[in-house]
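A.B. asks: Provide a 3D model corresponding to the input given below.
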Amino acid sequence: MTSPSDAPEKGHAASASASLLIRFLGLALPARYAEAICHYYRLDTPLAPSQKCPALQREVAKPMRISRERARQLIARSHGILAAAFQSPPPLLRSIIDDSITYLNALGGTLRRDAALSLPPPPEFGAASPYAVLLLLSEFVPQITAYRDFLTLAPPATAEAAELFLLARLRAATSLQPIDELADSAPSELAAALPPGHLPALLKALALVLPDITLTHDGRVALTAVAGPELLAELLSTRPDATLPVLRTAYNLLVPPEAQIGQGHLLAFIHASDAFEKTTPGHYRLRRPHQPPLPR
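C.D. replies: Predicted structure coming up:
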């Protein structure tokens, strides 16, 4: 096979507006292989909120008019060829890797898929979502780790250690904790394993993907069983009473979409605590003289 450094451009690389990565894939892979990888990682179009990345095999097969099994074969064989190319990356690929690591480093070393949807892609990524580009690179570049539902510059062992640290601290906490303060209190070996400023971003990403944890927009975090009643108490401390729809709307403004809840959860918070009482039907208030702790 012709080497990526001197092969003519093929397939997806033919367009002058193609990203550098798609250009490299066109150089390194046969045309149908490159096409399959572009569909699999959705490199040739912006990533929509409802789309999986990587794509399903049937989503690769349909536009190529091939069977799912053939799509699987093309993807697997492409990965084998790319793994060899990444062992000794040519200048174009080295530039892509360096630019991608620099980009992820500027984001604090962590990128969630949902966050990437709102970020404009760097020019060298073309139309592709930064998440899609970095996800492909994570298959071959040791510095980029796909961990749970996000990408990080933290090695897998460091990401796992950060997860265990976060869970241990939250299980022992009785109130919302500022995530920056949690990062400052992390064991020295955990903090030393990451560049300065990367641990808070890693803890925030973990808080958003781990179950039963709530992270607020102002950077506080707790187990949902702890955070829910505390946030509800904060809301009711500013009003004499409120209905469940009003409280639900106000509560969900305090947290990202991953932590938003319905009225059933609010009722569970109310019934689980003696801090609240019903006034008139459908209205709730803080039970006097309870006052919530002030946000830190």
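
A.B. asks: In the stretch 51-200 of the chain, mark out all the helices, start to finish.
C.D. replies: Assigned by DSSP state H, counting those that start in this stretch, the stretch 51-200 of the chain shows helices spanning 57-64, 68-87, 91-106, 113-116, 130-138, 156-172, 179-184, 188-192, 198-209.

A.B. asks: Tell me which residues touch the residue nearest the centre of the chain, please.
C.D. replies: Against the mean C-alpha coordinate of the chain, by CA atoms, centre = their mean, the closest residue is R112 at 1.7 Å. R112 makes contact with 131, 149-151, 205, 208-209 under the criterion CB atoms under 8 Å, 6 or more residues apart in numbering. C-betas here are computed from N, CA, C, even on glycine.

A.B. asks: Give me the buried entries from these.
C.D. replies: 131, 150-151, 205, 208-209 (16 or more other CB atoms under 10 Å).

A.B. asks: Pipe these into a markdown table and attach pLDDT and distance to A225 per row.
C.D. replies: What follows is those, written out as a markdown table (pLDDT from 0 to 100; distance: CB to CB, whole Å):
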| residue | pLDDT | distance to A225 |
| --- | --- | --- |
| Y131 | 91 | 31 |
| F150 | 95 | 24 |
| L151 | 96 | 29 |
| A205 | 96 | 21 |
| L208 | 95 | 17 |
| V209 | 94 | 18 |
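
A.B. asks: Can you tell me which of the residues you listed is nearest L27?
C.D. replies: For those, the closest approach to L27 (CB to CB) belongs to Y131, at 23.3 Å.

A.B. asks: Please look at that closest one and L111 and confirm they touch.
C.D. replies: Yes. Y131 is within contact range of L111, at 6.1 Å (criterion: CB atoms under 8 Å).

A.B. asks: Show me whatever sits in contact with both of those two.
C.D. replies: By the contact definition CB under 8 Å, 6+ apart, Y131 and L111 are jointly contacted by L151.

A.B. asks: ok, for R171, nearest residue in space, not its chain neighbours?
C.D. replies: L223 (6.9 Å; CB to CB, 6 or more residues apart in numbering).

A.B. asks: thought the one you found was touching A168?
C.D. replies: No. Using CB under 8 Å, L223 is not in contact with A168; the gap is 11.6 Å.

A.B. asks: picking that back up, just the contacts of R112 now: which is nearest F140?
C.D. replies: Checking the contacts of R112 one by one against F140 (CB to CB), the nearest turns out to be L151, at 13.3 Å.
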